[in-house]
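**Q** pasting a predicted model and its sequence here:
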Amino acid sequence: LHDKFEAEYALPPITLDGERVSLLLNAGLDLSTESLTSKYCDGVGLYRTEAWFMQKGRFPSQSEQEQWYREVLTRYHPEPVVMRTLDIGGDKVLDYFDIKEENPFLGWRGIRVSLDHPELFLDQLKAMIKANAGLGNLRIMLPMVSHTEEVDDSLALLEQAYFELQEEWADQFLLIDKPEIGVMLEVPSSVFLLPEWSKKVDFCSVGSNDLTQYLLAVDRNNAQVADLFDPYHPSVLRVLNSIAQSCQNFELPFSLCGELGGEPEGAILLVAMGYRRLSMNISSLSKVKWVLRRLHVSSMEVLLEECLAQACAKQVHRLLRNFMIEHN
Ligand code: PEP
Ligand code: MG
C-alpha cells in the first residue's frame, strides 16, 4: 500500500474532473525531511514558529530569528510560506517562560501572550519582515484569535513594525514589503466574525484541531475522552462547511491546516465544501494526492450532502467507510 501512494508523490493533485487542489505542508517540527519535499507541494500552509522557540532554551534574538526565517523562506521560494506567530500556552510550553494555570487551554495562549508582550511580538514581526526582504513569499498568520480587538491590535503592531523598519532602513535602499496577514479560525467565536474580519485581513486558515476541541469541549490530548474528539462530528462538519460558504461570500481566501486535511476522508469532504488549499504533515501528502486524483468532485459532493444530513458522528463514519470501500 505504501508504495502505491509513494508513486504519486511527484504528481499534481488534480481530481478526475480537473479541479486542482493546492496541497501545502505543515512544517516547523522536522527540518530533515521537510527540505526533501519542497518541490512536491505548493508551499507551506503552516509554519509553527514555536517549535524552534521550544528547542532553543531561551528567547532567540531578533537577528537569530531573522536568519532562521530567511532560511525557511529561501528553501520554499517562490512558493508561499505561512508563518504563524508564536503559539505558546495550552499544550505548547517554553521551559524558560513559566505559565501556570488551572485551565491552560482556556488560558494564556497564542495571540493573547503575544499581545501582552508586545516587545516579543514586535521582535518576531520585524524578524519576519526583514527575512522576507527581496523574497516576498512570506505570509503572517495569527493563532488563537477570538476577539476583534486582537485582530486590530495585531494589525497595529504589524504597522508599527513595518514603519520602524522603514525608518531604520531608510538609508540602505532595501526593499521591504508589508506581508499579507491572516488569522487562524480555531476558536468558535472567530467563525461568526468573518463578515467583519474579512475586511481587515488577507486570508484565514482553519485550525481544525483546536476548533474541534473548543466546539465539542473535548481536550485534544486527553486519552480519557479521546473517543469524543471527533472532527467528523456533524457539528464540526457543519461549521467547516459554513466557514467555506462565508469565506466565498466575503471573498476571503481560505484554507485548512488542522490534521483533518491530511486524512483522505477529511480531504474529500473539505474539497466538496469548496476548500482548495489544504495544509498537512509531510506523511499525508502522497496519500491525499492519491485519493484526490481518483475521484470526481461531484461524487465527493454527494457524499458531503449525506454526511451533513446526519445527526451523529457514528453515521458519518459509516457513510465514509462505505464510500471508501466503494471507491477502492
Ligand atoms: C490547529 O489547532 O488545528 C492547528 C493547526 O494548530 P496547532 O495544532 O498547532 O494548535
Ligand atoms: Mg491550534
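**A** Arrived safely. Ligands and ions are numbered 1, 2, ... in the order given.

**Q** phi, psi for residue 303 please.
**A** phi -60, psi -40 (degrees, to the nearest 10).

**Q** what's near enough to touch it?
**A** 268-269, 272, 319-320, 323 (CB atoms under 8 Å, 6 or more residues apart in numbering). The way it works is simple: take the backbone N, C-alpha and C, and place the C-beta from them, glycine included.

**Q** which one of the residues you listed is nearest to ligand 1?
**A** residue 269 (15.7 Å; CB to the nearest ligand atom).

**Q** so who does the closest one touch?
**A** Contacts of residue 269 (CB under 8 Å, 6+ apart): 237, 240, 300, 303-304, 307.

**Q** again with residue 10
**A** residue 40.

**Q** CSV please, covering the contacts of residue 303 and showing pLDDT.
**A** CSV is the format used below for those (pLDDT from 0 to 100):
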residue, pLDDT
268, 98
269, 98
272, 98
319, 98
320, 98
323, 98
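
**Q** now, among those, which is nearest to residue 104?
**A** Closest approach between the contacts of residue 303 and residue 104, by CB to CB: residue 269, at 30.4 Å.

**Q** just want the most central residue of the protein.
**A** residue 257 (3.4 Å; CA atoms, centre = their mean).

**Q** just want the phi and psi numbers for that residue.
**A** phi -130, psi 20.

**Q** what ranges does the stretch 151-300 of the chain have for its strands?
**A** 180-185, 203-206, 254-256, 277-280 (DSSP state E, counting those that start in this stretch).

**Q** list the buried residues in the first one.
**A** When burial is assessed from 16 or more other CB atoms under 10 Å, strand 180-185 yields the following buried residues: 181-185.

**Q** what do you get for the third one?
**A** By neighbour count, and taking 16+ other CB under 10 Å as the criterion, the buried residues in strand 254-256 are 254-256.

**Q** ok, so of the residues you listed, who is nearest residue 14?
**A** Closest to residue 14, out of all of the buried residues of strand 254-256 and judged by CB to CB, is residue 255, at 17.5 Å.

**Q** tell me the contacts of the closest one?
**A** 22, 24, 45, 203-206, 275-279.

**Q** one more pass at 10 Å, please.
**A** Residues counted as contacts of residue 255 (CB atoms under 10 Å, 6 or more residues apart in numbering) are 22, 24, 45-46, 82, 141, 182, 203-206, 247, 261, 270, 275-279.

**Q** may I have the predicted confidence score for residue 26?
**A** You'll see residue 26 listed with a pLDDT of 95.

**Q** surely it and residue 208 touch.
**A** No: Residue 26 is not in contact with residue 208 according to CB atoms under 10 Å; the separation is 11.7 Å.

**Q** now the common contact residues for those two.
**A** Taking CB under 10 Å, 6+ apart as the criterion, residue 26 and residue 208 both touch 257-259, 261.

**Q** nearest to ligand 2 among the residues you listed?
**A** residue 258 (7.4 Å; CB to the ion).

**Q** thinking the closest one is in contact with residue 229, fair?
**A** No: counting by CB under 10 Å, residue 258 stays clear of residue 229, with 11.8 Å between them.

**Q** who has more neighbours, these two?
**A** residue 258 (27 against 18; other CB atoms under 10 Å).

**Q** list the contacts of the longest helix seen in the chain.
**A** Longest helix of the chain, by residue count under DSSP state H: helix 148-168. Helix 148-168 has contacts (CB under 10 Å, 6+ apart) with 85, 110-112, 114-115, 118, 121-130, 133, 140, 142, 144-145, 147, 174, 176-179, 181, 183, 189-190, 193, 196-197, 200-201.

**Q** just the C-alpha atoms of that helix, please, in PDB.
**A** Presented in PDB, the C-alpha positions along helix 148-168 are these (Å, rounded to 0.1, in the frame of the first residue of the first chain):
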ATOM      1  CA  THR A 148     -11.900  41.600  17.100                       C
ATOM      2  CA  GLU A 149      -9.700  43.800  19.200                       C
ATOM      3  CA  GLU A 150      -6.900  41.100  18.900                       C
ATOM      4  CA  VAL A 151      -7.100  41.400  15.200                       C
ATOM      5  CA  ASP A 152      -7.000  45.200  15.300                       C
ATOM      6  CA  ASP A 153      -4.200  45.300  17.900                       C
ATOM      7  CA  SER A 154      -2.100  42.800  15.900                       C
ATOM      8  CA  LEU A 155      -2.600  44.800  12.700                       C
ATOM      9  CA  ALA A 156      -1.500  48.000  14.500                       C
ATOM     10  CA  LEU A 157       1.700  46.300  15.800                       C
ATOM     11  CA  LEU A 158       2.400  45.000  12.300                       C
ATOM     12  CA  GLU A 159       2.000  48.500  11.000                       C
ATOM     13  CA  GLN A 160       4.400  49.700  13.800                       C
ATOM     14  CA  ALA A 161       7.000  47.100  13.000                       C
ATOM     15  CA  TYR A 162       6.900  47.900   9.300                       C
ATOM     16  CA  PHE A 163       7.100  51.700  10.000                       C
ATOM     17  CA  GLU A 164      10.000  51.300  12.400                       C
ATOM     18  CA  LEU A 165      11.900  49.100   9.900                       C
ATOM     19  CA  GLN A 166      11.400  51.600   7.100                       C
ATOM     20  CA  GLU A 167      12.900  54.300   9.300                       C
ATOM     21  CA  GLU A 168      15.800  52.000  10.300                       C
END
